[in-house]
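Undergrad: Provide a 3D model corresponding to the input given below.
(chains A and B)
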Number of protein chains: 2
Amino acid sequence: MRIDAFQWLDMAIFQATATAPVNIACIKYWGKRDTKLILPTNSSLSVTLDQDHLRSTTTSRADPSFEKDRLWLNGKEDEIKPGGRLATCIAEMKQLRTKLEQSSPNKPKISQYHVHIASFNNFPTAAGLASSASGFAALVASLAALYELPASPSELSVIARQGSGSACRSLFGGYVAWEAGTKPDGSDSFAVQVAPRDHWPDLHALICVVNDAKKGTSSTTGMQRTVETSPLLQHRIKHVVPQRMKDIIAAINARDFDTFAEITMADSNQFHAVALDTAPPIFYMNDVSRAIISIIVEYNRASVAVGGRIKAAYTYDAGPNAVIYAPKENLREIINLIVSYFPQTQSFSDPFSIFDKGEAPGSLALPEGFNPAVAIRHEVGAVKGLIHTCVGDGPRVLGAEDSLLTSDGLPKPLA
Amino acid sequence: MRIDAFQWLDMAIFQATATAPVNIACIKYWGKRDTKLILPTNSSLSVTLDQDHLRSTTTSRADPSFEKDRLWLNGKEDEIKPGGRLATCIAEMKQLRTKLEQSSPNKPKISQYHVHIASFNNFPTAAGLASSASGFAALVASLAALYELPASPSELSVIARQGSGSACRSLFGGYVAWEAGTKPDGSDSFAVQVAPRDHWPDLHALICVVNDAKKGTSSTTGMQRTVETSPLLQHRIKHVVPQRMKDIIAAINARDFDTFAEITMADSNQFHAVALDTAPPIFYMNDVSRAIISIIVEYNRASVAVGGRIKAAYTYDAGPNAVIYAPKENLREIINLIVSYFPQTQSFSDPFSIFDKGEAPGSLALPEGFNPAVAIRHEVGAVKGLIHTCVGDGPRVLGAEDSLLTSDGLPKPLA
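TA: Here you go, the predicted model:
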């Protein structure tokens, strides 16, 4: 926690900048029991991805000269609608500051000031990655730093949750559960860390950004249509997810990738199954998503057939993009496989230097026993980008040099 | 029932020819409780389609000169494997004949003779339409005629069921239920007619034959993988299908297309949902199938939005082909819609003359209020054929002139 207070025309600057990570669920959140408070119908579990690759950065400043709360996302002002999700999160954070000021009278009364907030995602919105999770987590983290709140990440997650459900899981690094809770006020519906990144740092992820002709149903409206119309959802909530939560937490504790992978793939499938069981049905995966599943299924089959282990797990959120989780040692094979079937326009950036100089992903031999007929070689652009990342840490507080606001309290021009 | 017995070198010819229809389920059969006897995990319900358009024709002949049982499908001999499904059906039919001969000693002892069987489907196997249902129904119907069996269609359906589960439903015309039954020997797992064609003759069907790059999982192996691995299937079997069976039978009795359509679409979705909930997941629908669903959903939405009724219901079996059920009056709009989005290479055959001379399906105006952005116009060949048919009658016995066997007992050359 850090406050950039310096003398500038004899006035203190109350400002903080934080970054927050993206998280990708292994046990999926789909359905709310309370749409206003964003209380889920079932618990969920995710892996936090490394902020070195994907992150939201947010600067919050409180100042007596500000005439209203304002927020800019990627340089463009977003309206803070009264009673909306942004307004709710900002109000809740101000309320925590007010309490702090009441119990510590020497603290400046900045809870009374309006705030200016600038937020930036370092990944394109067009990539189809859920930016609301990292975005709301960064918002809450930056306000917590600005307000010097003594709140724990779980306490803050209750507030982030009201911005975007899955945002609560981005308040922690590593392996994170969102406990559904049962209380009507949502006070027991928060995120907890199952294990820190360092417990199992070997888990890597390959995000395959899939081209999508058609904009799918938004997850907010889609999940409630499932709650209202799917006969299978209630069975999932009551009888499937609770056991899967226990099993995947045990697998994470034991660093048992095989079990982790089986549950992750089964739960991705089941989330898309209940979406399909909705009236009218909801489809997020397309033929390219299906082809990636076929490739991963065959990759695992070929390994298990010769006594080997499960090598990779796919998972899909509310869109066609695949996220492939795997132990680091398998990423070389996986990236080569994916590029073989989905030729890329750009050369692979290889942030972990897993390919030798001169080696081209997509041109190496396929794994032993892998049946190449499992999918066709697609045209360039079917998978429009690949991002290699790994399990990461939780929100970070940055210094004044990383502020996204100018001295006037307006967003800096985008780099 | 008819026997073609005439004098030829002083010998009687024991032969019969029958046709049987295709049926397309509204409540889907997916999963066996006994794989040998083909006993299903849940009841199902189908509409029998008109044999004037789609049929299997089978000639069976018994002759003392035949050295073994033989069968030709579309002119090509199929091996009758001992203990296999064909052998089981033929043996069961011979056993019924044997009982008849025992109780009526004046009947010729043709149960002792080997049989030659020739069968022909008037629709291409490549169309991806399940030919096993009509094929086994025609086999059983032709043998029942040959053997002059007094068996009811329900009794015969028990035997057809052992050839291919859904074949039991093709023993009836109109609206047909397959009662799952509970007995281990399968004697209470048979088809019954819910309503004859004439009760509700207005129900038409448009089959959209969808191009498929990839051969899907066979339904025989696929459904057992679902039984073994899908956590959602048991809920479907126990808690969803029984009520849907009651509701759709009531809808058929009341000729209530709206309810019929809602249940049909929901059950198609749920069948594909449990296929997706299987490990590894099974996909039968592709992006073209999804686009057809979007078009039908929007077609219904636009109608209901102005106080109209549900106009069409899609359903998908274990493949990408759509079957669209609708009252006859809507077929003109539906065919125009589908051809608008899926241009055809061949002109539409229009067996019911619903288009005026000079009118081209695909060039008429879209329905009032229909949002054309719901799907893209696909390239020619994405839907490679359209078949317009309607609810039809049950198996028919034909005359000697329609025999598929030559006087030598070999299949006639294909026309």
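Undergrad: can we go C-alpha only for contacts and neighbour counts from here?
TA: OK.
Undergrad: give the closest residue to the closest residue to chain B within the stretch 151-300 of chain A in space, chain neighbours not counted.
TA: In the stretch 151-300 of chain A, the residue that lies nearest chain B is A:A273 (4.2 Å; Cα to the nearest Cα). Closest residue in space to A:A273, ignoring its immediate chain neighbours: B:A273 at 4.2 Å, by Cα to Cα, 6 or more residues apart in numbering or on different chains.
Undergrad: again, but for A:N371
TA: Using Cα to Cα, 6+ apart, the nearest residue to A:N371 is A:E298, at 7.1 Å.
Undergrad: same question for A:A62.
TA: A:V115 (4.4 Å).
Undergrad: neighbours around the one you found, how many?
TA: Around A:V115 there are 26 other residues, counting by other Cα atoms under 10 Å in any protein chain shown.
Undergrad: and for A:I310?
TA: Neighbourhood size, A:I310 [other Cα under 10 Å]: 22.
Undergrad: without its sequence neighbours, what residue ends up closest to the residue of the stretch 301-415 of chain A found nearest chain B?
TA: Residue nearest to chain B within the stretch 301-415 of chain A: A:A375 (8.0 Å; Cα to the nearest Cα). Of all residues not flanking A:A375 in the chain, A:A291 sits nearest, at 5.9 Å (Cα to Cα, 6+ apart).
Undergrad: which elements pack onto the helix or strand that neighbour falls within?
TA: Secondary-structure assignment from DSSP states H and E places A:A291 in helix A:287-305. Here helix A:287-305 touches strand A:313-316, going by 3 or more Cα pairs under 8 Å, 6 or more residues apart in numbering or on different chains; DSSP states H and E.
Undergrad: and the next helix or strand past the strand it packs on?
TA: Later in the chain than strand A:313-316, the nearest helix or strand by DSSP H and E is strand A:322-327.
Undergrad: what comes up buried for that next one?
TA: Neighbour counts over strand A:322-327 (16 or more other Cα atoms under 10 Å in any protein chain shown) mark A:A322, A:V323, A:I324, A:Y325, A:A326, A:P327 as buried.
Undergrad: state the pLDDT value of the last one.
TA: Reading off the confidence values, A:P327 has pLDDT 98.
Undergrad: show me what contacts it?
TA: By Cα atoms under 8 Å, 6 or more residues apart in numbering or on different chains, the contact set of A:P327 is A:D202, A:L203, A:H204, A:F257, A:K311, A:A312.
Undergrad: tell me, how many residues neighbour the first one?
TA: Under the neighbour criterion other Cα under 10 Å, A:D202 is assigned a count of 15.
Undergrad: thought it was touching A:N330?
TA: No. Contact criterion Cα atoms under 8 Å: A:D202 and A:N330 do not qualify, at 10.5 Å.
Undergrad: still on that earlier bit, quick one: which of the contacts of A:P327 sit in helices?
TA: In helices, defined here by DSSP state H, the members of these are A:F257.
Undergrad: now the contacts of A:P327 in JSON lines, with pLDDT and distance to B:S44?
TA: Compiled in JSON lines, the contacts of A:P327 are given as follows (pLDDT from 0 to 100; distance: Cα to Cα, whole Å):
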{"residue": "A:D202", "pLDDT": "98", "distance to B:S44": "48"}
{"residue": "A:L203", "pLDDT": "98", "distance to B:S44": "45"}
{"residue": "A:H204", "pLDDT": "98", "distance to B:S44": "45"}
{"residue": "A:F257", "pLDDT": "98", "distance to B:S44": "40"}
{"residue": "A:K311", "pLDDT": "98", "distance to B:S44": "39"}
{"residue": "A:A312", "pLDDT": "98", "distance to B:S44": "38"}
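Undergrad: any chance of the contacts of A:P327 in CSV, with distance to chain B too?
TA: Listed next are the contacts of A:P327 as CSV, based on distance: Cα to the nearest Cα, whole Å:
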residue, distance to chain B
A:D202, 25
A:L203, 22
A:H204, 22
A:F257, 17
A:K311, 14
A:A312, 13
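Undergrad: only whichever of the contacts of A:P327 are buried, select them in PyMOL.
TA: Remark: buried members of those, expressed as a PyMOL selection using 16+ other Cα under 10 Å:
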select buried, chain A and resi 203+204+257+311+312
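Undergrad: between the contacts of A:P327, which sits nearest A:S407?
TA: Proximity of the contacts of A:P327 to A:S407 (Cα to Cα) peaks at A:H204, which lies at 39.5 Å.
Undergrad: returning to that earlier point: okay, the residue nearest to A:N371: pLDDT?
TA: Note for A:E298: predicted pLDDT of 98.
Undergrad: pull the contacting residues for it.
TA: With Cα under 8 Å, 6+ apart, A:E298 has these contacts: A:F370, A:N371, A:V374.
Undergrad: can you check A:V383 too?
TA: When contacts are counted by Cα under 8 Å, 6+ apart, A:V383 touches A:C208, A:V209, A:V210, A:N211, A:V288, A:F342, A:P343, A:Q344.
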